[in-house]
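Novice: 3D, please:
(2 chains)
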Amino acid sequence: MTSPRFRIAPSPTGYFHVGGARTALFNWALARRLGGTFVLRIEDTDAERNRPEWTEGIIEALAWIGIHSDDPHFEGPYFQSEYAEQHVEMARGLVASGHAYYCDMTAADIEERNKAEGTQGYRGWSRDRGLEAGPGRALRFRVPEGTTLVRDKVRGDVEFDNSLIEDFVLLRGNGSPMFLLANVVDDITMRISHVLRAEEHLPNTPKQQMLWEAFGHEPPVWAHLPLLVNDQRKKISKRRDKVALEQYREEGILPEAMVNYLMTLGWAPKGDVEIQPWTQMEADFRLEDVNHSPAFFDLKKLAAFNGEYIRAMSPEQFLEACRPWLFGPDAPFPAERFDERVFLAMAPVIQPRCTMLADAPGVVDFLFLADPVLDAEAWAKAVAVPENVAVLRDCIAGFEGLAAWTADELKSVMESAAATHGLKAGKAQAPVRVAVTGRTVGPPLFESLELLGRDETLRRLRVAEATIG
RNA sequence: GCCCCCAUCGUCUAGCGGCCUAGGACAUCACCCUUUCAAGGUGACGGCACGGGUUCGAAUCCCGUUGGGGGUGCCA
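Specialist: As a prediction, the model looks like this:
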């Protein structure tokens, strides 16, 4: 028994598609669980379109979702364009065996003839002309009569009437191989045993299967996965939708959350629990359990998954994960003012407030800013009520006299100030919060003040107070 | 046009003939908790597209209708 070989064959488009990521994950789960191999093949018959940096991007994206190129189950990358000679050679072999023939009709010729005869498509016109190879002559596959039965692991048996499939081109007039041919030849030579791909390829599968058979091989196990669609139920595309995996990473989606979410599209983890570790899903994943209907890629649900994963992290893990946004060019505060210990102390209250890692700096920016910008509108509203101003002044006085600068002490100062002016604690803290953090919402106030320190807190309060007319 | 696929709450799904007065998750709404905002807790809302069969019994099997999607290149 030879071990199973799976493959993922993205085209080098400069980004890695989320749909491709899910396909990769499904392949990966099976390759690892069954002790098989995951083959990465960069598919484009045209070497010109194959840029090295794009391949690097694909490998990086795969690594991000846990598919590492140094894993023993990983093989590749292979570049389809490098095997062109082999594709051509194999195709030519089909002429001798009667499975293919040369044709000199151009697209215009075909159109013209169809117009004249009132027909559609290429109707095998050059089948029996016995043309030799020559410039401008394409090589076409002689589709046999009968039917082709595709046994699909997720769809079941699908039967196609061969008479509805035209004699498709294998080699162009200039001699270069077509994608379909290259695909099959590569799958055969790389001994691929399982072809998992998106459902859009199902209608072309009989052509591929006929090729496998013409080459004298048993077709692989086919498995066509449900499409990923947008809110309009259309196949997600680069033009309309956010499809690049890289974009999600840049926004601060955790790879674990992305992997977990992607796995729930078209397949469901065992039990009623959707949030599950990869090891569990790898052990449970079965092709037979994959759905048949298209799945909507729901950003909101992805964000919810991400929030769950963020909350499950330790402060240290959270800090590490946040680094790119804490120190990146878009960081809201200068790197030298950032204090790891303060961030770590705040982590447990930052985490529940983030759905994306990119949200994190904004939650605690006031702690690391020399002068947080005051939201003018929020401030005006906070000090519009005389009682609020009174509480603010009481707090400044009370904070000044505090023996111990702790959250508890700060809280009791606020509580008694609020009580003396007949305010609820919730309302009373608004002016202090806005004065110190610049905003009306944010993490727990007194804990923040404790970390900010007595001097800086008082300084900000006094600066703000001075603006009251 | 022709071919193929699909059809359970708004969304992702569980269900593979009786455990279903259809379960979970996201979203939405309400309440609770609470120093704001979150998070958390409790609950509510909400679905088997339609019509025929088969069966003692159908979300589950069959046929049809409707609806949606995909494919049909000398693109990949």
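Novice: pLDDT of stretch A:84-96, averaged?
Specialist: Stretch A:84-96 comes out with an average pLDDT of 96.
Novice: Give me the distance from it to the chain's centre.
Specialist: Centroid separation between stretch A:84-96 and its chain, computed with CA atoms, centre = their mean, to the nearest Å, is 37 Å.
Novice: Next: stretch A:171-181.
Specialist: In this view, stretch A:171-181 has its centroid 32 Å away from the chain centroid, taken as CA atoms, centre = their mean.
Novice: So what would you say the end-to-end distance of that stretch is?
Specialist: Counting by CA to CA, to the nearest Å, you get 8 Å between the two ends of stretch A:171-181.
Novice: avg pLDDT for it?
Specialist: Here the average pLDDT along stretch A:171-181 is 96.
Novice: what comes up buried for that stretch?
Specialist: By neighbour count with 16 or more other CB atoms under 10 Å, stretch A:171-181 contains the buried residues A:171, A:173, A:175, A:177-178, A:180-181. All C-beta spots, glycine's among them, are computed from the backbone N, C-alpha and C.
Novice: what number of residues lie near residue A:237?
Specialist: Neighbour count of residue A:237, defined by other CB atoms under 10 Å: 11.
Novice: which non-adjacent residue is nearest it?
Specialist: Nearest residue to residue A:237, sequence neighbours excluded (CB to CB, 6 or more residues apart in numbering): residue A:243, at 6.8 Å.
Novice: what's near enough to touch the one you found?
Specialist: Counting by CB atoms under 8 Å, 6 or more residues apart in numbering, residue A:243 touches A:15, A:17-19, A:236-237.
Novice: do that again at 7 Å, thanks
Specialist: A:17-18, A:236-237 (CB atoms under 7 Å, 6 or more residues apart in numbering).
Novice: State the pLDDT value of it.
Specialist: Residue A:243 is given a pLDDT of 95.
Novice: rewinding a little: just the contacts of residue A:243 now: which is nearest residue A:194?
Specialist: Nearest to residue A:194 among those: residue A:17, at 20.2 Å, using CB to CB.
Novice: Kindly tell me how buried the closest one is, as a neighbour count.
Specialist: Residue neighbour count, defined by other CB under 10 Å, stands at 23 for residue A:17.
Novice: can you check residue A:130 too?
Specialist: The burial count for residue A:130: 8, using other CB under 10 Å.
Novice: With residue A:252 instead?
Specialist: By the criterion of other CB under 10 Å, residue A:252 has 20 neighbours.
Novice: Repeat that for residue A:276.
Specialist: If you count neighbours by other CB under 10 Å, residue A:276 ends up with 15.
Novice: same question, residue A:64
Specialist: Neighbours around residue A:64, by other CB under 10 Å: 19.
Novice: Once you drop chain neighbours, what's closest to it?
Specialist: Among residues not flanking residue A:64 along the chain, residue A:255 sits closest, at 5.1 Å (CB to CB, 6+ apart).
Novice: That neighbour is in contact with residue A:65, isn't it?
Specialist: Yes - using CB atoms under 7 Å, residue A:255 is in contact with residue A:65, at 5.4 Å.
Novice: out of the two, which sits in the busier spot?
Specialist: The neighbour count for residue A:255 versus residue A:65, taken as other CB under 10 Å, is higher for residue A:65 (22 against 18).
Novice: Can you say which helix or strand has residue A:399 in it?
Specialist: Using DSSP states H and E, residue A:399 sits within helix A:386-400.
Novice: Tell me the helices and strands packed up against that helix.
Specialist: helix A:407-420, helix A:430-437, helix A:454-466 (3 or more CB pairs under 7 Å, 6 or more residues apart in numbering; DSSP states H and E).
Novice: So which residues make contact with stretch A:202-220?
Specialist: Stretch A:202-220 has contacts (CB under 7 Å, 6+ apart) with A:90, A:94, A:99, A:141, A:143-144, A:148, A:150, A:158, A:160, A:165, A:168, A:180-181, A:183-184, A:187-188, A:192-195, A:222, A:224.
Novice: Please repeat the previous calculation with a cut-off of 6 Å.
Specialist: Defining contact as CB atoms under 6 Å, 6 or more residues apart in numbering, one finds that stretch A:202-220 is touched by A:94, A:99, A:148, A:150, A:160, A:168, A:180, A:184, A:188, A:192-195, A:222, A:224.
Novice: Where neighbours are concerned, which of these has the most?
Specialist: Neighbour count (other CB under 10 Å) singles out residue A:184 as the most crowded of those, with 27 neighbours.
Novice: Check the secondary structure at the closest residue to residue A:275 other than its chain neighbours for me.
Specialist: Nearest residue to residue A:275 in three dimensions, chain neighbours excluded: residue A:308, at 5.6 Å (CB to CB, 6+ apart). Using DSSP: H, G, I helix; E, B strand; the rest coil, the structure places residue A:308 in helix.
Novice: Quick one: mean pLDDT over the host helix or strand of residue A:53.
Specialist: Using DSSP H and E, residue A:53 falls within helix A:52-64. The average pLDDT for helix A:52-64 rounds to 95.
Novice: Please apply the same query to stretch A:458-469.
Specialist: Taken as a whole, stretch A:458-469 has an average pLDDT of 92.
Novice: ok, now stretch A:33-46?
Specialist: The predicted model assigns stretch A:33-46 a mean pLDDT of 95.
Novice: Can you tell me what sits against that stretch?
Specialist: Counting by CB under 6 Å, 6+ apart, A:3-9, A:11-12, A:27-28, A:31, A:50, A:55, A:73-81, A:177, A:179, A:182, A:190, A:282 sit against stretch A:33-46.
Novice: residues contacting the residue most central in space within chain A?
Specialist: Central residue of chain A (CA atoms, centre = their mean): residue A:245, 3.4 Å from the mean position. By CB under 6 Å, 6+ apart, residue A:245 lies in contact with A:16, A:18, A:21, A:61.
Novice: can you tell me which of the residues you listed are in helices?
Specialist: Per DSSP state H, helices hold the following members of those: A:18, A:21, A:61.
Novice: give me every residue that touches the last one.
Specialist: In this case it means residue A:61. Taking CB under 6 Å, 6+ apart, we find residue A:61 in contact with A:16, A:245.
Novice: So it versus residue A:18, what's the distance?
Specialist: Note on residue A:61: its distance to residue A:18, by CB to CB, to the nearest Å, is 10 Å.
Novice: got the helices and strands packed on helix A:386-400 as JSON lines, with distance to residue A:296 and mean neighbour count columns?
Specialist: Listed next are those as JSON lines, based on distance: least, CB to CB, whole Å; neighbours: other CB atoms under 10 Å:
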{"stretch": "helix A:407-420", "distance to residue A:296": "44", "mean neighbour count": "17"}
{"stretch": "helix A:430-437", "distance to residue A:296": "38", "mean neighbour count": "25"}
{"stretch": "helix A:454-466", "distance to residue A:296": "46", "mean neighbour count": "15"}
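Novice: What ranges in chain A fall below the confidence cut-off?
Specialist: Chain A contains residues with pLDDT under 70 at A:1, A:469.
Novice: Could you tell me which residues of the stretch 101-250 of chain A lie near RNA strand B?
Specialist: The stretch 101-250 of chain A comes close to RNA strand B at residues A:103-107, A:120-122, A:136-138, A:155-156, A:158-161, A:164, A:166, A:168-169, A:172-174, A:178-180, A:199-204, A:226-227, A:229, A:232-235, as judged by CB under 7 Å from any atom of the strand.
Novice: With that, I have no additional questions.
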